[in-house]
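Provided below for reference: sequence and predicted model.
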Amino acid sequence: MKQQKTIERLVEIKQRTADAAEAEHTLARAAVTLAGEAYDLADSAHAAALEANELVTTAADLEDRDRHIRARRRAAEVAARVLAAAEARELEARRAVTEARTELRRFETWLEREGVRQATEARRIERIADDEVAARKANVA
């Protein structure tokens, strides 16, 4: 009985760990979505800067256009790196969820086996007690 209560407490701890891992994965998934949207915006801005038909009349105009395009490209590259990092964190969070769920299931199985063992032991003790009562009745008769 004491062991079953201990296992139940461990299952509760594992359940909280799995819930926390799932919450972390949800946050990581949201971060990937936001980073993806930011990348899409930055990439679109870079593409728009490349396709813009600006009037270039002087070398200074050409330098300004070049700086503008390079800045947009760097922003898209940064956004791509942020997205890749967010995806890596999301993958790690997904692995943590899988590991936590597996561990929870292992402890739940242990708890189930302990319940079956205790029920079997209770039935065995009951049979022994019934056999003793039957033996006493047989001796009396």
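Thanks, I have it.

Going by secondary structure, the residue nearest the centre of the chain is in what exactly?
Geometric centre of the chain, nearest residue: residue 97, 3.2 Å, by Cα atoms, centre = their mean. Per DSSP states H and E, residue 97 falls inside helix 59-140.

so what secondary structure elements neighbour that helix?
Under the contact criterion of 3 or more Cβ pairs under 8 Å, 6 or more residues apart in numbering; DSSP states H and E, helix 59-140 touches helix 2-51. Every residue, glycine included, has its C-beta placed from N, CA and C.

helices and strands around the helix it packs on, which ones?
Helix 2-51 is packed against helix 59-140, with contacts defined by 3+ Cβ pairs under 8 Å, 6+ apart.

Give the rounded mean pLDDT of the helix it packs on.
Averaging pLDDT along helix 59-140 gives 93.

That helix to helix 2-51, inter-axis angle?
Between helix 59-140 and helix 2-51, the angle comes out at 160 degrees (axes from the mean of the first three to the mean of the last three Cα atoms, to 10 degrees).

so how many other residues sit close to residue 103?
A total of 16 residues lie near residue 103 under the criterion other Cβ atoms under 10 Å.

so it makes contact with residue 15?
No - using Cβ atoms under 8 Å, residue 103 is not in contact with residue 15, being 10.2 Å away.

Distance-wise, check the residue nearest to residue 22 when sequence neighbours are not counted relative to residue 42.
Leaving aside its chain neighbours, residue 22 sits nearest to residue 97 (5.4 Å; criterion: Cβ to Cβ, 6 or more residues apart in numbering). Distance, residue 97 to residue 42, using Cβ to Cβ, to the nearest Å: 30 Å.
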